[in-house]
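Enquirer: I need the structure of the sequence given here:
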Amino acid sequence: MAANGSRSMALTVGEEREIGQKLLYQIRLAFPLLDDPDISQYINELGGEVLEVAGFQFFDYHFNIIESPQFNAFAAPSGLVFFYSGLIETMDHEDELVSVLAHEIAHVVARHIAEGMDKGSKITVATTLLALAGLALGAGAVSHALLTGSLAAGQSANLHFSRKHEEEADRLAYGWMKKMGRHPQAQVSMLNTMRRITRYTMGSNIPQYLLTHPYPDERLDYVQSLIDFDEKELQDFKETCDFGFLRMKYRILSLVKDGKKLRNLLHNRLADSRLTQSERIMLHYGLSQLDRMENNYESSRKYLQEVIHFYPNESILLVDLGLVEKEAGNKERALTLFRSAYDKDRRDMWAAFQFARMWIELGNYAKGERYLKEVQAEMPNYSKVYFELGKLKAAIGEKANSAFYLARYNLYEGRLKLSKHSIKIALKGPGLAEEYKEEIKKMQQTIKMLEEN
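Expert: Predicted coordinates:
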């Protein structure tokens, strides 16, 4: 990174970090995020593995998945990295996801984003969000006020990468994958996908990712030459287990795709005689999620039990089964499954979150609050945990404390007016916990900071 220090940057590290901090609160206004704890923990832990081998970092990274059929991914200032569900759908293996993760991290590490910012204008949260929205979802994704303010100021940012940037990011990603013991052939797989999409699309139909991350043919040749050079060294690399990736992929697809289309896709894949047993089992997992969402609980349960039999040590599957039982009305059975999953892996915040919600549904608010606060401590940016705490406090008659949590929920959702309204209710109402008063001051400071941009 020292080599990059001499570059003329539009943003200093401090300025980029400040923009990233503000973006964290406003990003939900622009992007529909898939951030349930199991999805968020998986993608962030995978990103953390890359960061471990990448060395010292200037920023605290956050990895997010956007609900969109587009073939796209991008890195925003200060380590905010976004993947589209449409891009994940094209992947078959975890190493392919890691290769794109590493590539996006490389753009941040090499300060390509800061270098690309328009040096002739002031860069703010508004300008960055406008640029990101145009890059990712189109200008309609941003609020009218944000759009108007940015255009009036004549501010812009360039988030397209040059040939030199792409080569540097590919080289860094290649080295990191080797250090992780993951075969860089996954980079070739993704570049082949990009090249294939490029050849079958015309004009304005080219996906945004291929516009901002161009030159797939040249990049493919470059990465393949690195693999050829390291051929002997790479012979000993072992295959990565794809359970975590395929579970995440099919759970996401069950949330975002039309049920009939997804069922056809899964059954067509099952007809492929080249599938491994594990790939076939995980397609059954996808069918279990689809059946649960369509209230076919018996079929969902049957598929999940097959997956659990194949992967007996994956405790997160007990959470999936618990959700089936809960929605089928078997609350005590669901509670037992959530407890079992939580006891087997106390770091699993999906298990803790569902365990908490089940306790609340059964009327044990004290236990529900205990586990919700555990999720809050582990995942402070997960807005839904504040919504659940707000509902819990309202259910036990603590109106002021309920308003406090709803203020935090709306703040993390980027709804500043609603957050301020809830703060007023919290401060007026009797019974507001003392520790929340200090937190409210911090929220008010954050809101003021955000409103200044």
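Enquirer: Tell me where the stretch 351-453 of the chain has helices.
Expert: Here the stretch 351-453 of the chain has its helices, by DSSP state H, counting those that start in this stretch, at 365-378, 383-395, 399-412, 416-428, 434-451.
Enquirer: Deepest in the core, which of those is it.
Expert: Per residue and on average, the most neighbours among the helices of the stretch 351-453 of the chain fall to helix 399-412, with a mean of 23 (mean count of other C-beta atoms under 10 Å). Where C-beta positions appear, they are placed from N, C-alpha and C, glycine not excepted.
Enquirer: rewinding a little: among the helices of the stretch 351-453 of the chain, which is nearest Leu34?
Expert: Judged by C-beta to C-beta, the one of these that comes nearest to Leu34 is helix 383-395, at 11.7 Å.
Enquirer: would you list the helices of the stretch 351-453 of the chain in TSV and tack on distance to Ser78 and mean pLDDT?
Expert: Rendered in TSV, the data for the helices of the stretch 351-453 of the chain read as follows (distance: least, C-beta to C-beta, whole Å; pLDDT from 0 to 100):
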stretch	distance to Ser78	mean pLDDT
helix 365-378	22	98
helix 383-395	20	97
helix 399-412	17	96
helix 416-428	21	96
helix 434-451	15	90
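Enquirer: Go through those and name the closest to Lys232.
Expert: helix 365-378 (42.7 Å).
Enquirer: Any idea how far the closest one is from the middle of the chain?
Expert: The offset between the C-alpha centroid of helix 365-378 and the centroid of the whole chain comes to 22 Å, using C-alpha atoms, centre = their mean, to the nearest Å.
Enquirer: on that earlier part again, show me the one of the helices of the stretch 351-453 of the chain that comes nearest Ala351.
Expert: Taking C-beta to C-beta, helix 365-378 is the member of those nearest to Ala351, at 9.1 Å.
Enquirer: who touches that closest one?
Expert: Defining contact as C-beta atoms under 8 Å, 6 or more residues apart in numbering, one finds that helix 365-378 is touched by 37, 342, 347, 349, 352-353, 355-357, 359-360, 382, 385-386, 388-389, 392, 395-396.
Enquirer: if we go to 7 Å?
Expert: For helix 365-378, contacts defined as C-beta atoms under 7 Å, 6 or more residues apart in numbering pick out 37, 349, 352-353, 355-356, 359-360, 382, 385, 388-389, 392, 395-396.
Enquirer: pLDDT score assigned to the most centrally placed residue in the chain?
Expert: Nearest to the mean C-alpha position of the chain, counting by C-alpha atoms, centre = their mean, stands Asn64 at 2.2 Å. The per-residue pLDDT reported for Asn64 equals 92.
Enquirer: ok but it is inside a strand, no?
Expert: Yes: counting by DSSP: H, G, I helix; E, B strand; the rest coil, Asn64 falls inside a strand.
Enquirer: and it, what are its bridge partners?
Expert: With DSSP bridges as the criterion, the beta-bridge partners of Asn64 are Phe82.
Enquirer: how about a markdown table for the helices of the stretch 351-453 of the chain, with distance to Glu327 added?
Expert: Output for those, formatted as a markdown table (distance: least, C-beta to C-beta, whole Å):
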| stretch | distance to Glu327 |
| --- | --- |
| helix 365-378 | 18 |
| helix 383-395 | 17 |
| helix 399-412 | 24 |
| helix 416-428 | 30 |
| helix 434-451 | 33 |
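Enquirer: Ok, which of these comes nearest Leu211?
Expert: Counting by C-beta to C-beta, Leu211 lies closest to helix 434-451 out of the helices of the stretch 351-453 of the chain; the figure is 30.2 Å.
Enquirer: Remind me what the closest one packs against, helices and strands.
Expert: Where contact means 3 or more C-beta pairs under 7 Å, 6 or more residues apart in numbering; DSSP states H and E, helix 434-451 is packed against helix 13-30, helix 399-412, helix 416-428.
Enquirer: In this structure, where is pLDDT below threshold?
Expert: Segments of the chain classed as low confidence (criterion: pLDDT under 70) are 1-11, 29-30, 114-160, 202-204, 453.
Enquirer: So it: which segments form each domain?
Expert: The chain breaks down into these structural domains: 2-234, 382-453 (assignment by automatic domain parsing).
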